Every structure is written in structure tokens, then in C-alpha cells.
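Novice: generate coordinates for the sequence data below:
(4 chains)
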2 protein chains.
Amino acid sequence: MGRPREFDVDEALQTAMELFWRKGYEGTSLSDLTEGMGITRPSLYGFFGNKEELFLKALDRYDQKQMVFFREALEEPKARVVAERVLKGYADLQTAECSPNGCLGINGALACSEAAAEIQKCLIEGRRRVEHALAERFERANEEGDLPIGCSPTDLARYIMTVTQGTAVQAASGANRAALYKVIDMALQCWPK
Amino acid sequence: MGRPREFDVDEALQTAMELFWRKGYEGTSLSDLTEGMGITRPSLYGFFGNKEELFLKALDRYDQKQMVFFREALEEPKARVVAERVLKGYADLQTAECSPNGCLGINGALACSEAAAEIQKCLIEGRRRVEHALAERFERANEEGDLPIGCSPTDLARYIMTVTQGTAVQAASGANRAALYKVIDMALQCWPK
DNA sequence: GGAATTTTATACCGAGCAGTATAAAAACTT
DNA sequence: AAGTTTTTATACTGCTCGGTATAAAATTCC
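Specialist: Below you'll find the model as predicted:
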């Protein structure tokens, strides 16, 4: 009962996610959000808490909707294919035409004021978690004899993540997908086929 | 003549640079700046123009003082050593204990509001210039037969820059120098010694 | 058709933002 | 010592920030 909602919560959250993705947490104002989402300020606070909670919800959506490729990549039987699919999946995400350039997890808050320190911490933790998941996958590969000899799984995971974070900066600077693919091909050359 | 200045311009600019480096352009307020620099608001405007001009002056200082390693690296006779010195020089810069983590050229404004669009553009242009300089160095190397066969100088330059930008994100997230060095060693494995 | 409930719309809050006007303080010039 | 010049200090501007109080609008229940 009560007055029916005049907007789609999922759609509004999608818009919020895209705004934060493009302008970062601090670069996106409440006016940007309410205007973009097509809702009023009290509605935003009623449904999403406050700006910080809205960002975390947007980040959660990003993880669930945009990071599917990552979880799929981890299931590849060969570690090299895992690495390639992770790198190319990130590059696709960072250069998709229908969404902002780069990564929300980096664009969101790389350097910021003290006011956004908590958000910054969450994003750093998120990147750490992804790197850890990749490292664990490479641990398994190592036990399976699926890694080049003398190759540390954790170092390899950090290397792969570093390259994706590099392509995120490149994408945020306007690099296109083809350029990133060339980078990825070079990055994978160290890995004997 | 006139009342003598009570602060050192160079020192104040250094502080401003470090603040922008740590908190980004938009994350650094004028109050942060005046407090950190130890000068009043009118002095800041009198000597440095406005916030935007101050940032550009800080960026210029960064280029002149912190990027020396890059210009020196370009003068190495062997391209592989150029690449290694560029990568390690950036890693050193990004993890120096006496200065903020990461790169001013990335932390400054990766994603931001429209108000900082001009600064963002300058930083993107700055990164493009660095990449171009490296590409030109590799062009020369290519003519000298100093590159692996079938290796595009521009692609190689983009690859190196992508890795340094990745380490910049890693450093901003708290990664230490040793970890970045391992990444760099892996990144250079694609390059036959 | 009220009454209760939920979501709107409008207007507002204090605080902090970048930037500035005004004048006092401290030097040099003559 | 008086006038000139430069740099300070204080206080202020208009504006935007994130967040909220209040009440009108639109539905369902009884």
C-alpha cells in the first residue's frame, strides 16, 4: 500500500553506478545523482541511505554485473587461459561503449580527501580481494604443474593485476580496446604457451 | 623594497605538490593548501594565481624534480635498459618514503567532476607526452636493431607505460617497492636479454 | 469514503568550497 | 620622518556541498 514508486530502483542504481564510475565518488555530487537518476533528494535518501551507502550499493552492483567475466575466467582449466581471459575481460569492461571508461574500482577513489577515506579503503580492499582470488587460482595451477617453473603464484597474480590496473588508467585516458589488446598480448609473452 | 616575504616560495610549492599528489586536485582544498604551505589565502593567490594555476605549477615542479630519472633513462644505449630504468625509476618514485604513494600525474585527477576537466585533460596529455617520448626512443632502437624482432616501438612504449601506470595504482594502494620490482622483473621477461 | 501508509515535492539547514575586498604591518626611498 | 610599495591578516562574498524537515500527492485497507 501507499503511494506507488515512480522510478525503477534497479535502473536508478545503474545510473548512479555509471556516474560514480565516470566521475569518481567525490566528483559526483548529490545533484548529479538525483538529476541523473531522475529522483528527488528525499527519495534517494529513503531508498539508498546516503551518498556513501549509495556508492557501496553501486559498487556491489558493479561486482555482481560487471565482474562476472572474472569469476568465469577463474574456472578455465589452464592458468594461462585464466590470465588471458582476466586481462581481456578487464580490457573489454574498461572500453565498453555503453559504459564509462576505466574501472569503477579505481576511478571511484584513487586519491581523495579525508572525507572519502572510508570509500578509498573499501576500494583498495576490493582490489586486494580480487588479486587474492587470482593468486589462489594460480596456487592451484602451481600444484597442478600448470605454471612456468620458478613462477610464484602470488607474484604472478600481482603482475596480472598490475597490468589490468595499467589498462584501467589507459582506458580512462581514452585508449581503445585494440590498443589494450596489444598490450595484453605483450604482457602474456612472458608466459610460455 | 616593500615588506619582505615571510615564506619560501619553493618550499611552499613543494608542499602544495605533495598535497595534490596525496589527495588529488579536487580532494585538496584551499584550506589544506594554505595550512600546509603556512601562508594565508591572499598570499597564495598573489604568488600562485589560483588553485588551478597552483596545481599546474606543482605539476611542472613534479616534472622537473621527480621525472629526472625518466630523461636519464632515455639516454641509456640499450633499449632494454631504458625500459628497465623507466620501470624501476617510476616504482622508486611511487614508493619513496619521503613523498606520497603513487604518481601525481595519475592521482591528480583520474576521474573527476566537470570542474576539474581541464586539469584532467592536462594530465592525460602529460602521460601521452611521456609515452610518446618513450616510443620515439624505441623507434631509434628499432632502427639500430636494438628491439626484439617484430616488436612495434609504439606498442612497446604503451606496454611499458601501462605497467608503470599499473604500479602507480598498486603503490597508491600501499604496495611496497620490493613487490613492484618483482612485477617489473616479470614484465621484462618478454624481452630477450 | 475516510483513515492509514508510502512516496513524492519544496524548501530549507549548517558547513565548507574557491575566491576577494580592505586595511594593517613592514620594509625601502627620498 | 613621510611617502611608496609589497606582503600580510582578517573578514567576508556567493555558491555548492551533503543532508533533512514538512507537507502534499497517490495509493490500499476497512
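
Novice: isn't residue A:189 right next to residue B:190, touching?
Specialist: Yes: using C-beta atoms under 8 Å, residue A:189 and residue B:190 qualify as a contacting pair, with a distance of 3.7 Å. All C-beta spots, glycine's among them, are computed from the backbone N, C-alpha and C.

Novice: low-confidence ranges in chain A?
Specialist: Along chain A, the model assigns pLDDT under 70 to residues A:193.

Novice: which parts of it sit against DNA strand C?
Specialist: Of all the residues in chain A, those in contact range of DNA strand C (C-beta under 7 Å from any atom of the strand) are A:1-7, A:39-43, A:46, A:113.

Novice: let's see it at 6 Å
Specialist: With the criterion set to C-beta under 6 Å from any atom of the strand, chain A comes near DNA strand C through A:1-3, A:5-7, A:40-43, A:46.

Novice: which pair in these spans the largest distance?
Specialist: Among the residues of chain A next to DNA strand C, the pair separated by the greatest distance (C-beta to C-beta) is A:1 and A:41, at 24.0 Å.

Novice: quick one: the helices in chain A?
Specialist: A:9-23, A:30-37, A:41-48, A:51-66, A:68-74, A:79-95, A:104-107, A:117-143, A:153-172, A:177-187 (DSSP state H).

Novice: which parts of chain A sit against DNA strand D?
Specialist: Proximity of chain A to DNA strand D is confined to A:1-4, A:29-31, A:41-42, A:45, A:50-51 under the rule C-beta under 6 Å from any atom of the strand.

Novice: what residue in chain A comes nearest to DNA strand C?
Specialist: Proximity of chain A to DNA strand C (C-beta to the nearest atom of the strand) peaks at residue A:2, 2.0 Å away.

Novice: restricted to buried residues, select the residues of chain A next to DNA strand D in PyMOL.
Specialist: Buried members of the residues of chain A next to DNA strand D can be picked out in PyMOL with the line below, counting by 16 or more other C-beta atoms under 10 Å in any protein chain shown:
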select buried, chain A and resi 51
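
Novice: go back to the residues of chain A next to DNA strand D and keep what's next to chain B.
Specialist: Of the entries in the residues of chain A next to DNA strand D, those that also sit close to chain B under the rule C-beta under 8 Å from any C-beta of the partner chain are residue A:29.

Novice: looking at the residues of chain A next to DNA strand D, spot the one nearest residue B:25.
Specialist: For these, with residue B:25 as the reference and C-beta to C-beta as the criterion, the closest is residue A:29, at 16.0 Å.

Novice: these two touch, right, the closest one and residue B:113?
Specialist: Yes: the criterion here is C-beta under 8 Å, and residue A:29 meets it with residue B:113 at 7.1 Å.

Novice: which one among the residues of chain A next to DNA strand D gets closest to chain B?
Specialist: Distances from chain B to those, taken as C-beta to the nearest C-beta, are shortest for residue A:29 (7.1 Å).

Novice: residues contacting that closest one?
Specialist: Listed by C-beta atoms under 8 Å, 6 or more residues apart in numbering or on different chains, the contact set of residue A:29 reads residue B:113.

Novice: 6 Å instead, please
Specialist: Residue A:29 is in contact with no residue at all, counting by C-beta atoms under 6 Å, 6 or more residues apart in numbering or on different chains.

Novice: chain neighbours aside, what residue packs nearest to residue A:87?
Specialist: Leaving aside its chain neighbours, residue A:87 sits nearest to residue A:184 (4.4 Å; criterion: C-beta to C-beta, 6 or more residues apart in numbering or on different chains).

Novice: any idea how far residue A:92 is from that neighbour?
Specialist: When distances are taken as C-beta to C-beta, to the nearest Å, residue A:184 and residue A:92 turn out to be 11 Å apart.

Novice: of those two, which one has the most company?
Specialist: Each of residue A:184 and residue A:92 has its neighbours counted (other C-beta atoms under 10 Å in any protein chain shown); residue A:184 has more, 23 against 14.

Novice: quick one: the more buried one and residue B:159, what's the gap?
Specialist: For residue A:184, the distance to residue B:159 equals 9 Å [C-beta to C-beta].

Novice: surely residue A:100 meets residue A:21?
Specialist: Yes: under the criterion of C-beta atoms under 6 Å, residue A:100 makes contact with residue A:21 at 4.2 Å.

Novice: which one's more surrounded, those two?
Specialist: A count of neighbours by other C-beta under 10 Å puts residue A:21 above the other of residue A:100 and residue A:21, at 24 against 19.

Novice: mind listing what the more buried one touches?
Specialist: Each residue near residue A:21 by C-beta under 6 Å, 6+ apart is listed here: A:100, A:104, A:107.

Novice: out of those, who's near chain B?
Specialist: By C-beta under 6 Å from any C-beta of the partner chain, the members of those lying near chain B are residue A:107.

Novice: so how far is stretch A:34-46 from its chain's centroid?
Specialist: The offset between the C-alpha centroid of stretch A:34-46 and the centroid of the whole chain comes to 25 Å, using C-alpha atoms, centre = their mean, to the nearest Å.

Novice: pick out the residue of chain A closest to chain B.
Specialist: Nearest to chain B, among the residues of chain A, is residue A:166, at 3.1 Å (C-beta to the nearest C-beta).

Novice: now that residue: closest residue in space, sequence neighbours ignored.
Specialist: Here the nearest residue to residue A:166 in space, its sequence neighbours aside, is residue B:166; by C-beta to C-beta, 6+ apart that works out to 3.1 Å.

Novice: can you get me a residue count around the one you found?
Specialist: The burial metric for residue B:166, expressed as a neighbour count using other C-beta under 10 Å, is 27.

Novice: that one contacts residue A:164, correct?
Specialist: No: in this structure, residue B:166 sits apart from residue A:164 without contact. The criterion is C-beta under 6 Å, and the distance is 7.3 Å.
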